[in-house]
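J.: give me a 3D structure for the following:
(one chain, ligands or ions: 1)
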Amino acid sequence: MSTGSFVEIAPGVSVTTAVKYTTNTTVVVRNDRAVIVDPAWTETDLNAIAAWLQSSSLHISTGLSTHGHFDHVLWHPEFGDAPRWGSPRAVAMANEDRALILEHLEGDIPPEWPHPVDGLHALDDTHVPDPFGDGDLEEIELVVHDGHAPGHTAMWFPDRGVLLAGDMLSDIELPFPFFPDDLPAYLAGLDALAPVVAKAKVLVPGHGHVTTDPMSRLDADRRYLDDVITRGDSDDPRRALDGMEPAHRKMVEMARELPR
Ligand SMILES: [Zn+2]
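T.: Residues are numbered from 1 along each chain as shown. Just a heads-up that it's a prediction; the model follows:
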């Protein structure tokens, strides 16, 4: 996996994957305009994305963040001054966590860059205004919920058959509810995602691998959570992956606290 190399995963939809935590940046293109979602992660990655956009003669018309975590609100000065949007709860969280975000990104991006949250604004509703900046509307359906993080937003591009799931429905991460107590919100988030997962041909998780079998991801997460809630354990193969055992133990603890 080479930094900055994009793979077209659906018509006009390209993804590049950063080495760090297998983090995906998605670019959705129409003509010479691009909607960029969750650009990440390091200065090197972001430089490579800027260079690819330039060599492809693409101009960013809109930036979108799926949620307010530090690795999903990044920006590069050369991306320009396109409007950048997140859901109201996601943007509020990112603003509350400004100091924490910089702490997490120390060494990843140059200190002289503007604070990444500076240009991020809250959407009025679940509608992205004029995403390609050409007045010709393409629907982007936003599924806003509080699983994983407040105001977490999945983005469904019906014309492309592509669902950007944010930090849910990953093949390399177990479900991460917002600690300590949002397991019910996470379950509600999966329910909110189900109708678009059923329609999607391709799913891009925030971290992990793109799949052409989106329903398998939803099934895996529901099975895992059901096992942990009903019998306090799970044999989900993701437990063997880097960093997942502590996440699993936390989840067992959260499931125990659920009101019965
Ligand atoms: Zn996250």
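J.: up against the ion, what does this protein have?
T.: Contact residues, the chain versus the ion (CB under 5 Å from the ion): His69, Asp167. Heads up, the C-betas are built off the backbone N, CA and C, glycines and all.
J.: in contact with the residue nearest to Ser65 when sequence neighbours are not counted, which residues?
T.: The shortest distance from Ser65 to any residue other than its chain neighbours is 4.2 Å, reached at Gly86 (CB to CB, 6 or more residues apart in numbering). Neighbouring residues of Gly86 by CB atoms under 8 Å, 6 or more residues apart in numbering: 64-68, 73, 94, 120-123, 151, 153.
J.: contacts only, for the residue in the stretch 1-150 of the chain that the ion sits nearest to.
T.: Relative to the ion, the nearest point of the stretch 1-150 of the chain is His69 (3.5 Å; CB to the ion). Counting by CB under 8 Å, 6+ apart, His69 touches Ala149, Asp167.
J.: pLDDT score assigned to it?
T.: With respect to pLDDT, His69 has a value of 97.
J.: again with Ser2
T.: pLDDT, Ser2: 45.
J.: the stretch 1-150 of the chain: strands as residue ranges?
T.: Counting by DSSP state E, counting those that start in this stretch, residue ranges of the strands within the stretch 1-150 of the chain are 7-10, 13-18, 23-30, 33-37, 59-64, 84-86, 120-122, 141-145.
J.: ok, back up a step: any idea how far Val202 is from the residue of the stretch 1-150 of the chain closest to the ion?
T.: According to CB to CB, to the nearest Å, His69 and Val202 sit 23 Å apart.
J.: for Leu187, same thing?
T.: Computed as CB to CB, the Leu187 to Val202 distance reads 25 Å.
J.: contacts only, for the closest residue to Leu58 other than its chain neighbours.
T.: The shortest distance from Leu58 to any residue that is not its chain neighbour, by CB to CB, 6+ apart, is 4.4 Å, and that residue is Ala34. Ala34 is in contact with Val27, Val28, Leu53, Leu58, His59, Ile60, Ser61, counting by CB under 8 Å, 6+ apart.
J.: partners of the spatially most central residue of the chain in the sheet?
T.: A centroid search over the chain (CA atoms, centre = their mean) returns Gly166, at 2.4 Å, as the residue closest to the centre. With DSSP bridges as the criterion, the beta-bridge partners of Gly166 are Pro205.
J.: ok, it touching Thr66?
T.: Yes - with the criterion set as CB atoms under 8 Å, Gly166 and Thr66 qualify as a contacting pair; they are 3.2 Å apart.
J.: shared neighbours, these two?
T.: With contacts defined as CB under 8 Å, 6+ apart, the residues adjacent to both Gly166 and Thr66 are Asp38, His72, His152, Thr153, Ala154, Met155, Gly206.
J.: let's see if you can find the most crowded of those residues.
T.: Of all the shared contacts of Gly166 and Thr66, His152 has the most neighbours under the rule other CB atoms under 10 Å, reaching 33 neighbours.
J.: would you mind writing the CA trace of stretch 234-254 as CSV?
T.: Only the C-alpha atoms of stretch 234-254 are listed here, as CSV (Å, rounded to 0.1, in the frame of the first residue of the first chain):
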residue,chain,number,x,y,z
SER,A,234,-17.7,-13.5,21.6
ASP,A,235,-15.4,-15.5,19.3
ASP,A,236,-15.3,-12.7,16.7
PRO,A,237,-12.0,-13.1,14.8
ARG,A,238,-11.3,-9.3,15.0
ARG,A,239,-10.4,-9.9,18.7
ALA,A,240,-7.0,-11.2,17.5
LEU,A,241,-6.2,-8.0,15.7
ASP,A,242,-3.9,-5.3,17.0
GLY,A,243,-5.4,-3.4,20.0
MET,A,244,-8.7,-5.2,19.9
GLU,A,245,-8.5,-7.3,23.0
PRO,A,246,-8.7,-4.2,25.4
ALA,A,247,-11.5,-2.9,23.3
HIS,A,248,-13.3,-6.2,23.7
ARG,A,249,-12.9,-6.2,27.5
LYS,A,250,-14.2,-2.6,27.6
MET,A,251,-17.2,-3.8,25.6
VAL,A,252,-17.9,-6.7,27.9
GLU,A,253,-17.9,-4.2,30.8
MET,A,254,-20.3,-1.9,28.9
